[in-house]
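J.: Take this sequence and fold it.
(one chain, ligands or ions: 1)
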Amino acid sequence: MNPPTTATLSIPIAWQFQPGVPDAQPALGVAGEGRIASEAPIHEPRAATRNACKVCAPLGACVVFSGIENCVPFLHGSQGCATYIRRYLISHFREPVDIASSSFSEEDTVFGGARNLRLGLANVAGQYTPQAIGVATTCLAETIGEDVPRILAEHGAANSGGPELVPVSTPAYAGTHVDGFHRTVRRVVEHFATPTPPHAGINLLPGFVSPEDLRHLKELVAAFGLPCTLLPDYSDTLDGASWPEYQRVQPGGTPTRAIRRMSGARATLELGHTLLGSGADTAGRWLHQTHQVPRMPLALPIGLRETDAFMAALGELAESGCPDDIQRERGRLVDAMVDGHKYVFGKRAALFGDPDLVIGLCSFLDEIGVRPVLCASGTRQAAFEPAIREVLDHSEADDLQILTGADHARISEVAREVRPDLIFSSSKGYPLARELEVPLIRVGFPVHDRIGGQRLLHVGYRGAQRFFDLIVNTILERRQDRSETGYSYL
Ligand code: SF4
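T.: Model prediction:
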């Protein structure tokens with residue numbers, strides 16, 4: 001079963017499970033969000049998700065496996081899951097995305113899919129000759145309790161010299177694409193990293209950002225002269241150049257030999273505000289606990305303040321100041337903020353999408369004088385609301401609504417009340433923007449209704465600069481289009 005993309009029945013919200021937060025379930029029959037920050041009226045009770053503001057956990061796993069060199073993602077379960085996820089990824093990244101499937105039949109659903117899994121692994125190994133196959137479970141395989149690690153261990157022992165087989169458990173009823181992404185990064189590191197002598201390199205775990213973000217992060221780290229293992233790195237595999245001939249596995253990705261050496265790195269920079277707390281079970285925390293690699297958790301470097309913190313961390317590791325080019329980029333951003341402040345100050349914004357992206361954008365909007373009045377995510381995370389409050393100056397304001405684990409139906413209800421001037425979301429926010437007649441600024445994933453979603457730059461001073469220009473120009477364009485005068489000098 002694919003999660004619905006329109007207002008149809010999905011998984012009952014009361015059944016959804018948040019790892020590590022046992023009391024996170026909402027009261028039965030209350031609308032599909034964790035809690036409402038301020039005293040919002042309770043709306044029509046319901047027990048089902050309507051138009052989910054999230055995608056399923058194996059999708060996050062497939063993105064991570066796509067960012068490992070010569071690795072093929074493989075879904076253990078029904079074929080529809082692989083088809084749905086491929087369609088979703090292709091329409092955002094505009095690249096061929098191969099995802100293998102063990103393609104359960106009714107018989108496999110009853111008696112187990114081990115036979116299909118072994119056959120599928122042999123086919124993929126024969127046809128793609130990959131270095132690794134990442135096997136993520138779908139709802140069906142999880143529901144019947146398939147012991148995938150055991151099946152893979154037996155298959156690997158019987159086929160020595162074959163690709164590395166990396167299992168990850170990603171039941172979509174226990175998490176979203178964001179949860180699946182982070183869980184897979186941890187699983188990959190656990191699988192490959194082996195005791196290694198200390199070396200000068202650093203680990204960078206960026207979270208689910210765009211290929212353009214990955215390229216820029218690599219550029220920034222290189223500017224400080226730091227050798228770096230970026231995991232995952234789908235900057236080429238999901239946004240590559242054109243090929244003279246078709247290639248079964250896209251070139252690029254984090255080499256497995258580099259992942260093995262992550263255990264000897266000087267430090268791990270792990271990005272994402274929701275990962276800062278002590279509860280998150282992350283790859284960076286595992287590297288610290290198992291191999292004593294110092295962990296430096298940071299927010300996603302979106303906006304001035306968080307990018308400053310990222311630069312300070314790189315400077316500390318490199319024992320150097322910020323390179324001149326980057327400082328000038330920062331200076332241009334501050335100058336632009338001064339120039340455009342009068343156009344954006346006081347505008348009200350609704351933001352929804354992946355938690356760390358929403359938190360990062362909130363922080364940035366707060367810096368430029370835009371007032372977030374609705375911050376929402378489909379991923380249920382206890383750290384979301386405190387993080388939003390931490391980054392916002394007006395966090396105690398009465399008109400601020402924070403929703404976690406929310407669906408688009410609920411987000412739309414609240415947006416109709418708070419009447420934003422701007423909406424920041426994936427292309428899933430278009431129907432709401434159209435209804436409210438406010439501009440939609442597309443961010444994050446998925447962007448299905450425009451080209452270039454994979455080249456959206458969110459991070460760094462450069463990303464903030466692009467967004468600032470876009471926000472100001474969107475406001476100006478709207479004012480210009482609605483003006484009776486039609487003036488051309490603003
Ligand atoms: S993994 Fe689960 S939610 Fe995702 S497409 Fe398959 S059945 Fe649907």
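
J.: contacts, neighbours, all on C-alpha from now
T.: Fine.

J.: could you pull out the helices for the stretch 251-400 of the chain?
T.: For the stretch 251-400 of the chain, the helices defined by DSSP state H, counting those that start in this stretch cover 256-260, 283-291, 303-318, 324-344, 355-368, 384-391.

J.: between these, which gets nearest to L205?
T.: For L205, the closest of those is helix 283-291, at 7.7 Å, according to Cα to Cα.

J.: TSV please, covering the helices of the stretch 251-400 of the chain and showing mean neighbour count, distance to the ligand and mean pLDDT.
T.: Putting these into TSV (neighbours: other Cα atoms under 10 Å; distance: least, Cα to the nearest ligand atom, whole Å; pLDDT from 0 to 100) gives the following:
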stretch	mean neighbour count	distance to the ligand	mean pLDDT
helix 256-260	17	26	98
helix 283-291	19	23	97
helix 303-318	19	33	98
helix 324-344	15	39	97
helix 355-368	25	19	97
helix 384-391	20	23	93
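
J.: Let's see the helix or strand bottoming out on mean pLDDT in the chain as PDB, backbone CA atoms only.
T.: Of all helical and strand segments in the chain, the minimum by mean pLDDT, DSSP states H and E falls on helix 106-111, at a mean of 90. C-alpha atoms of helix 106-111 as PDB (Å, rounded to 0.1, in the frame of the first residue of the first chain):
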ATOM      1  CA  GLU A 106       0.600 -13.600  -1.600                       C
ATOM      2  CA  GLU A 107       2.500 -16.800  -0.900                       C
ATOM      3  CA  ASP A 108       5.600 -14.900   0.300                       C
ATOM      4  CA  THR A 109       3.400 -12.800   2.600                       C
ATOM      5  CA  VAL A 110       2.100 -15.900   4.300                       C
ATOM      6  CA  PHE A 111       5.300 -18.100   4.400                       C
END
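
J.: Contacts only, for T256.
T.: Applying Cα atoms under 8 Å, 6 or more residues apart in numbering to T256 gives the contacts I68, E69, F192.

J.: Low-confidence ranges, the stretch 351-490 of the chain, go.
T.: 395-397 (pLDDT under 70).

J.: element containing the most centrally placed residue in the chain?
T.: Nearest to the geometric centre of the chain sits F208, at 3.0 Å (Cα atoms, centre = their mean). For F208, there is no helix or strand it lies in under DSSP states H and E.

J.: what's the pLDDT at it?
T.: The model reports F208 with a pLDDT of 98.

J.: Please give me every residue in contact with G240.
T.: G240 neighbours (Cα under 8 Å, 6+ apart): E95, Q250.

J.: Quickly note the distance from it to R257.
T.: Remark: distance between G240 and R257 (Cα to Cα, to the nearest Å) = 22 Å.

J.: Would you confirm that the residue nearest to the centre of the chain contacts R183?
T.: No: if you go by Cα atoms under 8 Å, F208 and R183 don't touch, sitting 11.8 Å apart.
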